[in-house]
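Q: Predicted model, plus sequence, below.
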Amino acid sequence: MTKKITKQTKYSTLKPKERLPEWIKPSIGKASQLERVQNLVKEYRLHTICEEGRCPNRGECYASGTATFLLGGSICTRSCAFCQVEKGTAPTNIDPLEPERVARAVSYLNLQYVVLTSVARDDLSDHGASLFTKTISAIRNLSPSISIEVLTPDFWGGIIDKTKATEKQRERLTTVLKARPVCFNHNIETVKRLQKEVRRGATYKRSLDLLRAAQEIDKSIPTKSGLMLGLGEEREEVIQALMDLRSVNCQQITIGQYLRPSLSHLPVMKYWHPDEFDDFKKLCLELGFSKVNSGPLVRSSYHADQ
């Protein structure tokens with residue numbers, strides 16, 4: 001077996017500031033169900049963000065009948081400093097059979113709720129919008145009653161003129177919303193001050209504008225976003241980010257602890273205590289969010305079906 005070499009980055013020499021606290025204990029779930037899904041993913045040559053991102057909750061989610069499929073291959077064209085997904089130049093060709101394979105996997109596993117996400121594909125003319133629509137169609141052909149949530153990139157780029165770029169972004173967004181997902185999710189990931197370091201190729205305003213546009217296009221589809229804590233943000237900055245999300249009528253929110261995937265990634269600056277996550281949940285409900293998942297191990301798709 002070939003040993004994977006850890007890529008050296010400017011973060012590689014930064015040692016952890018704190019030891020992993022006792023409350024960071026991933027839910028294992030049923031080992032048999034975990035192995036079943038992992039084997040099927042390999043057999044069907046699919047990717048899930050659960051595996052690519054090494055989600056600590058994947059065993060629990062698989063056991064409850066939910067999974068998050070990663071579309072567009074395993075290579076992301078952006079290089080966010082927190083993300084485990086492989087980065088680089090994505091292959092030009094899209095696998096035309098991927099939607100059917102995802103649909104068959106969903107049907108075989110008898111999933112009740114599916115989240116579709118994708119790597120950023122800035123190399124494609126539609127920036128990956130059709131990855132979502134084709135897969136949604138394929139899934140519903142085999143599993144008509146299933147609920148499908150989408151977690152998308154920002155669909156930005158390819159045009160220098162800002163006005164025309166905004167129009168194109170809205171066009172791509174409209175394409176996805178016409179496929180009628182039960183929820184539209186796009187993560188701002190962190191507070192405004194840390195965006196440039198954490199989310200390369202994306203901006204805070206652009207993400208808020210995308211969430212606002214989603215509501216303008218179709219108010220019947222709830223919008224959702226997510227924040228990671230532990231990257232150096234202050235409590236007041238988190239509160240401001242939550243208020244900014246509500247200002248664009250974002251209705252659902254996930255808040256979780258950032259966990260460093262490897263020494264090549266951003267270091268954890270702080271492990272927020274579970275009580276602090278509970279406080280943020282109370283605040284979110286007071287601000288008007290209709291659905292809130294807040295806790296150290298919460299991720300974008302955690303309890304998405306509830």
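A: Structure received. Numbering: from 1, shown residues only.

Q: Over to T117: give its phi and psi.
A: For T117, the backbone dihedrals (degrees, to the nearest 10) come out as phi -130, psi 180.

Q: For the residue lying closest to it once chain neighbours are set aside, give its distance to Y44.
A: With sequence-adjacent residues excluded and distances taken as Cβ to Cβ, 6 or more residues apart in numbering, T117 is closest to L151, at 4.0 Å. Any C-beta I mention is one placed from the backbone N, CA and C, and that applies to glycine too. In this view, L151 and Y44 are 20 Å apart by Cβ to Cβ, to the nearest Å.

Q: Ok, R101 next?
A: R101 sits 5 Å away from Y44, going by Cβ to Cβ.

Q: Between those two, which is the more surrounded one?
A: Taking other Cβ atoms under 10 Å, R101 and Y44 do not tie; R101 has more neighbours (19 against 16).

Q: Does the more buried one touch E43 like I think?
A: No - at 9.4 Å, R101 and E43 do not qualify as touching, with contact defined as Cβ atoms under 8 Å.

Q: elements contacting the top helix by length along the chain?
A: The helix that spans the most residues within the chain, counting by DSSP state H, is helix 162-177. Other elements packing on helix 162-177 under the criterion 3 or more Cβ pairs under 8 Å, 6 or more residues apart in numbering; DSSP states H and E are helix 129-142, helix 204-217.

Q: What number of residues are in the vicinity of E18?
A: Using other Cβ under 10 Å, E18 has 11 neighbouring residues.

Q: now do K291
A: Using other Cβ under 10 Å, K291 has 16 other residues around it.

Q: can you pull the contacts of it?
A: With contacts defined as Cβ atoms under 8 Å, 6 or more residues apart in numbering, K291 is in contact with 222, 224, 251-253.

Q: mind checking the SS state of the residue nearest to L285 when sequence neighbours are not counted?
A: Distances taken as Cβ to Cβ, 6+ apart place V292 nearest to L285, at 6.0 Å, with adjacent residues excluded. For V292, the assignment made with DSSP: H, G, I helix; E, B strand; the rest coil gives strand.

Q: Against F280, how distant is V292?
A: Distance, V292 to F280, by Cβ to Cβ: 8 Å.

Q: rewinding a little: I am assuming the residue nearest to L285 contacts K281, so please confirm or correct that.
A: Yes - using Cβ under 8 Å, V292 is in contact with K281, at 5.0 Å.

Q: Please identify every residue contacting each of the two.
A: Common contact partners of V292 and K281 (Cβ under 8 Å, 6+ apart): I255.

Q: follow-up on the earlier one: now the helices and strands packed on helix 162-177 as CSV including mean neighbour count and distance to L231?
A: Listed next are these as CSV, based on neighbours: other Cβ atoms under 10 Å; distance: least, Cβ to Cβ, whole Å:
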stretch, mean neighbour count, distance to L231
helix 129-142, 20, 28
helix 204-217, 19, 14
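
Q: quick one, which of these is nearest to I239?
A: Ranking the helices and strands packed on helix 162-177 by proximity to I239 (Cβ to Cβ) places helix 204-217 first, at 15.0 Å.

Q: quick one: which of the helices and strands packed on helix 162-177 is nearest Q169?
A: Between Q169 and the helices and strands packed on helix 162-177, the shortest separation by Cβ to Cβ is 6.9 Å, and it involves helix 204-217.

Q: Tell me which other helices or strands the closest one touches.
A: Short answer (3+ Cβ pairs under 8 Å, 6+ apart): helix 204-217 packs on helix 162-177, strand 223-229, helix 235-247.

Q: try 10 Å this time
A: If contacts are counted by 3 or more Cβ pairs under 10 Å, 6 or more residues apart in numbering; DSSP states H and E, helix 204-217 sits against helix 162-177, strand 183-185, helix 195-198, strand 223-229, helix 235-247.

Q: quick check: angle from the fourth one to helix 235-247?
A: Right, strand 223-229. Angle, strand 223-229 to helix 235-247, by axes from the mean of the first three to the mean of the last three Cα atoms, to 10 degrees: 170 degrees.

Q: again with the first one
A: Between helix 162-177 and helix 235-247, the angle comes out at 70 degrees (the same axes, to 10 degrees).

Q: pull the helix or strand with minimum mean pLDDT from the chain.
A: Sorting the helices and strands of the chain by mean pLDDT, DSSP states H and E puts helix 49-52 at the bottom, at a mean of 59.

Q: could the helices and strands packed on helix 162-177 go into JSON lines alongside distance to F184?
A: Shown next, in JSON lines, are the helices and strands packed on helix 162-177 (distance: least, Cβ to Cβ, whole Å):
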{"stretch": "helix 129-142", "distance to F184": "10"}
{"stretch": "helix 204-217", "distance to F184": "5"}
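
Q: Would you mind putting the ones you listed into CSV with distance to M269 and mean pLDDT alongside?
A: Formatted as CSV, the helices and strands packed on helix 162-177 follow (distance: least, Cβ to Cβ, whole Å; pLDDT from 0 to 100):
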stretch, distance to M269, mean pLDDT
helix 129-142, 34, 97
helix 204-217, 19, 96
